[in-house]
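Asks: structural data only, the sequence is not supplied:
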């Protein structure tokens, strides 16, 4: 999941950002970008998640007072659920040396979760490391193609897809059985990113062509786990089409636009046929961040609030519902949503939405706000992170209901 925050993040919602210029201090630039994006995410919680184009998950950098934990340090044992509320529990996910980290995606079955160390907290040994949790147990995996990896999605077989960032380039990859494999890219594209993977092993992403800092054309690209050296284009319309992920039936979701116009939410059939989604009354939205069964969630901004607002569509019936102060980070196959309630920039507790009822979910300690990035298809597991303010370390967590 990886374009928008996910609401998802998301899953981070992130809007397309230009590639950093070459010959810059990439570590400092990425850390500053994470600080800015995390502050924005607390204003606009959305799924999934996740980065668009070649951007990384946006979160704040954290510089501890002591020596940063190293990947070789002893990893704390998998923690137990420490708090419950309304029948759901929250668990802090273990990290190398207890370092701050973010978790960006959970597979539809709720077993695997993926993330990365936050900012500079992993030290030099943290470069190129992806965090993979299986049933809450950590396995750090080193060897990503470039130093700054961003896992974007994981399927029920535990295959991870994502992107790594260097000084002037990014690389889409898949991680299978402990090995990273680069994905083939169109040789003339300026940026290529992987954004999601489904049960069949179809990997979806975006290739874009830019004029200066603006994309003039972007097409959705498909790979398969069995053939990472091959790619195929999915879309021809609209001119600029960006993926957020792919459903198990091959439906792609994300956003699209024509040059000079605002983005709008789209889903594409496996053959590339586009379907434009609207809010009630035909009003525009910006993007789709997650699909489960007949349900899709996304986000919009109409100037009436200080945060990007959430919306849910029923793809079968055409029903659309705007969600007020509840901003979803994930949806399950029954239409339930896990997200946050936007009370203020420093007060955004996690919550579960069911048939219009919003139940507040547990946090690790009182006063924490949440970012929810992904939810399993059965609604029993959600992932994200907690913090008390934008300058605090972020704590990766898993909710179980």
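Replies: Looks like it arrived, so ask away. What you are looking at is a predicted structure, and each value in this text was computed from that prediction instead of being measured. Numbering: from 1, shown residues only.

Asks: going forward, measure contacts and count neighbours with C-alpha atoms only.
Replies: OK.

Asks: below-threshold pLDDT in the stretch 101-250 of the chain: ranges please.
Replies: 120-126 (pLDDT under 70).

Asks: and the strands in it?
Replies: Along the stretch 101-250 of the chain, the segments classed as strands by DSSP state E, counting those that start in this stretch run 101-106, 112-117, 130-134, 137-141, 148-154, 160-165, 170-176, 179-182, 191-197, 202-211, 214-224, 232-233, 240-246.

Asks: so for residue 367, which of those strands sits nearest?
Replies: strand 101-106 (18.8 Å; Cα to Cα).

Asks: elements contacting the closest one?
Replies: If you count contacts as 3 or more Cα pairs under 8 Å, 6 or more residues apart in numbering; DSSP states H and E, strand 101-106 packs onto strand 112-117, strand 148-154, strand 369-375, strand 381-387, strand 395-400.

Asks: please identify the deepest-packed of those.
Replies: When the helices and strands packed on strand 101-106 are scored by mean count of other Cα atoms under 10 Å, the highest mean neighbour count falls to strand 369-375 (a mean of 36).

Asks: to the chain's geometric centre, what's the distance from it?
Replies: Its chain's C-alpha centre and that of strand 369-375 lie 9 Å apart, by Cα atoms, centre = their mean, to the nearest Å.

Asks: in its sheet, what does it sit against?
Replies: strand 381-387 (antiparallel) (DSSP bridges).

Asks: can you list contacts of the partner strand?
Replies: With contact meaning Cα atoms under 8 Å, 6 or more residues apart in numbering, strand 381-387 is reached by 102-106, 110, 113, 330, 338, 363-364, 368-376, 393-401.

Asks: check stretch 265-277 too.
Replies: Residues contacting stretch 265-277 (Cα under 8 Å, 6+ apart): 234-238, 249-256, 264, 278, 285-288, 298.

Asks: again, only using 7 Å
Replies: Stretch 265-277 has contacts (Cα atoms under 7 Å, 6 or more residues apart in numbering) with 234-235, 237, 250-256, 285-288.

Asks: tabulate those (JSON lines), appending neighbour count, secondary structure and distance to residue 388.
Replies: Listed next are those as JSON lines, based on neighbours: other Cα atoms under 10 Å; DSSP: H, G, I helix; E, B strand; the rest coil; distance: Cα to Cα, whole Å:
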{"residue": "234", "neighbour count": "21", "secondary structure": "coil", "distance to residue 388": "41"}
{"residue": "235", "neighbour count": "24", "secondary structure": "coil", "distance to residue 388": "41"}
{"residue": "237", "neighbour count": "18", "secondary structure": "coil", "distance to residue 388": "42"}
{"residue": "250", "neighbour count": "21", "secondary structure": "coil", "distance to residue 388": "38"}
{"residue": "251", "neighbour count": "18", "secondary structure": "coil", "distance to residue 388": "37"}
{"residue": "252", "neighbour count": "32", "secondary structure": "strand", "distance to residue 388": "35"}
{"residue": "253", "neighbour count": "30", "secondary structure": "strand", "distance to residue 388": "32"}
{"residue": "254", "neighbour count": "29", "secondary structure": "strand", "distance to residue 388": "30"}
{"residue": "255", "neighbour count": "27", "secondary structure": "strand", "distance to residue 388": "31"}
{"residue": "256", "neighbour count": "27", "secondary structure": "strand", "distance to residue 388": "35"}
{"residue": "285", "neighbour count": "25", "secondary structure": "coil", "distance to residue 388": "30"}
{"residue": "286", "neighbour count": "24", "secondary structure": "coil", "distance to residue 388": "28"}
{"residue": "287", "neighbour count": "31", "secondary structure": "strand", "distance to residue 388": "28"}
{"residue": "288", "neighbour count": "37", "secondary structure": "strand", "distance to residue 388": "28"}
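
Asks: which one of these is nearest to residue 163?
Replies: Among the contacts of stretch 265-277, and counting by Cα to Cα, the member closest to residue 163 is residue 254, at 17.4 Å.

Asks: which residues sit in contact with the closest one?
Replies: Residue 254 sits in contact with 242-245, 265-267, 287-289, where contact means Cα under 7 Å, 6+ apart.

Asks: any idea how far residue 110 is from it?
Replies: According to Cα to Cα, to the nearest Å, residue 254 stands 22 Å off from residue 110.

Asks: residue 150 versus residue 330, what's the distance?
Replies: Here the criterion is Cα to Cα. By it, residue 330 lies 19 Å from residue 150.

Asks: same check, this time on residue 391
Replies: In this structure, residue 391 and residue 150 are 21 Å apart, going by Cα to Cα.

Asks: just to revisit the earlier point, adding distance to residue 351, write the strands of the stretch 101-250 of the chain out as TSV.
Replies: Conversion of the strands of the stretch 101-250 of the chain to TSV gives the following (distance: least, Cα to Cα, whole Å):
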stretch	distance to residue 351
strand 101-106	17
strand 112-117	20
strand 130-134	23
strand 137-141	24
strand 148-154	22
strand 160-165	27
strand 170-176	32
strand 179-182	35
strand 191-197	25
strand 202-211	29
strand 214-224	32
strand 232-233	38
strand 240-246	23
